[in-house]
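Peer 1: give me the fold of what follows.
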Amino acid sequence: MDVAVTPDGLDRGAVAGSTVLVIDVLRASTCIVTALANGCAGIVPVGTPEEARVRQAALPGALVAGERRGEPLEGFDLGNSPLEFTRARVGGRAVIMTTSNGTRALLAARGAAAIGVAAFVNLGPAAAWALAGSRDVLLLCSGERGARSLEDHVCAGLLAERLLAGEPGARATAAAEAATAAARPYGKDIARLAHDSSWARHLASRGRAADVAACLSLDAAGIVPVYRADIDKVVAACG
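Peer 2: Residues are numbered from 1 along each chain as shown. This is a model prediction of the structure:
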């Protein structure tokens, strides 16, 4: 089991036989989990706002969602707040999404044997899903513009702990051990990240403290989004 603190330099060949869990706690992963829990037909991750518009034109009824530097994109149907992805808004509809970090990490993971989306809100289900794959697991943090993100690193560490508990013979890399060490102070109180995470503080300063609180809810959802390359969509895992 390994942890990558950002997708930069990810060796796609090295993860070809692995299960990858993509983590972007604040906020893309949480939005994707929330959307699918509320009946979204699927999330299409793309790299740019321009590509999102092109894909929307080819997919009647689809919504476009995303942000840059935390701010909603002009003219898009949705931003990157999990509070926006309600059943009334996204139920039965596809969403084409582009974000600063999370969708970039998802696209970087293409080529892995299986790709799931993890956050605090689905920590337990995501760990169980990864264990069921019986493969090497890479916990891929989205980071913040190429730098380590505390909340993603902590989420990876908590996932690593659950994976090691579920598979006692598993071997953790030094990067995975560093993530578990980073997570240890937050194991019983992830809400502390609202104060300790620089991005959480930034979002709160922009009036998005409710987003932060929603993203720091542990095991609030029972689904695991899975990125299926054959249909180029993130959908809820079956079973």
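
Peer 1: next, name the residue at the spatial heart of this protein.
Peer 2: Closest residue to the average C-alpha location of the chain: residue 29 at 2.7 Å, with CA atoms, centre = their mean.

Peer 1: quick one: it and residue 116 touch, right?
Peer 2: No: Residue 29 is beyond contact range of residue 116, at 9.9 Å (criterion: CB atoms under 8 Å). Backbone N, C-alpha and C define where each C-beta goes, glycine included.

Peer 1: give me the common contacts of these two.
Peer 2: Common contact partners of residue 29 and residue 116 (CB atoms under 8 Å, 6 or more residues apart in numbering): residue 22.

Peer 1: the closest residue to residue 108 other than its chain neighbours and residue 145, how far apart?
Peer 2: In this structure, residue 108 finds its nearest non-sequential neighbour in residue 7, 3.8 Å apart by CB to CB, 6 or more residues apart in numbering. Applying CB to CB, to the nearest Å, the value for residue 7 to residue 145 is 12 Å.

Peer 1: equivalent analysis for residue 132, please.
Peer 2: Counting by CB to CB - residue 132 and residue 145 are separated by 33 Å.

Peer 1: between the two, which is the more surrounded one?
Peer 2: The neighbour comparison of residue 132 against residue 145 (other CB atoms under 10 Å) goes to residue 132, with 14 against 11.

Peer 1: what's the more buried one sitting at in phi/psi?
Peer 2: Residue 132 adopts backbone torsions of phi -70, psi -20, taken as degrees, to the nearest 10.

Peer 1: which residues of the chain score low on pLDDT?
Peer 2: 238-239 (pLDDT under 70).

Peer 1: which strands and helices sit next to the strand or helix carrying residue 107?
Peer 2: Assigned by DSSP states H and E, residue 107 belongs to helix 102-108. With contacts taken as 3 or more CB pairs under 8 Å, 6 or more residues apart in numbering; DSSP states H and E, helix 102-108 sits against strand 19-23, helix 28-37, strand 42-45, strand 137-141.

Peer 1: only the buried residues of the helix or strand following the shortest one, if you could.
Peer 2: Toward the C-terminus, strand 42-45 is succeeded by helix 49-57 as the next helix or strand (DSSP H and E). Residues of helix 49-57 classed as buried: 49, 52, 53, 55, 56 (neighbour count, 16 or more other CB atoms under 10 Å).

Peer 1: try stretch 33-47
Peer 2: So, applying 16+ other CB under 10 Å, buried residues of stretch 33-47: 33-38, 40-46.

Peer 1: and those residues, which two are furthest apart?
Peer 2: 37 and 46 (21.8 Å; CB to CB).

Peer 1: please enumerate the strands of the chain.
Peer 2: 2-4, 19-23, 42-45, 63-68, 71-72, 94-98, 114-118, 137-141, 225-228, 233-236 (DSSP state E).

Peer 1: please identify which of the ones you listed is closest to residue 150.
Peer 2: Among those, if distance is taken as CB to CB, the winner is strand 137-141, at 9.9 Å.

Peer 1: distance between that closest one and the chain's centre?
Peer 2: Strand 137-141 sits 11 Å away from the centroid of its parent chain (CA atoms, centre = their mean, to the nearest Å).

Peer 1: before we move on, back to that, mind putting the strands of the chain in TSV, distance to residue 154 included?
Peer 2: Output for the strands of the chain, formatted as TSV (distance: least, CB to CB, whole Å):
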stretch	distance to residue 154
strand 2-4	11
strand 19-23	10
strand 42-45	23
strand 63-68	22
strand 71-72	25
strand 94-98	23
strand 114-118	12
strand 137-141	10
strand 225-228	20
strand 233-236	23
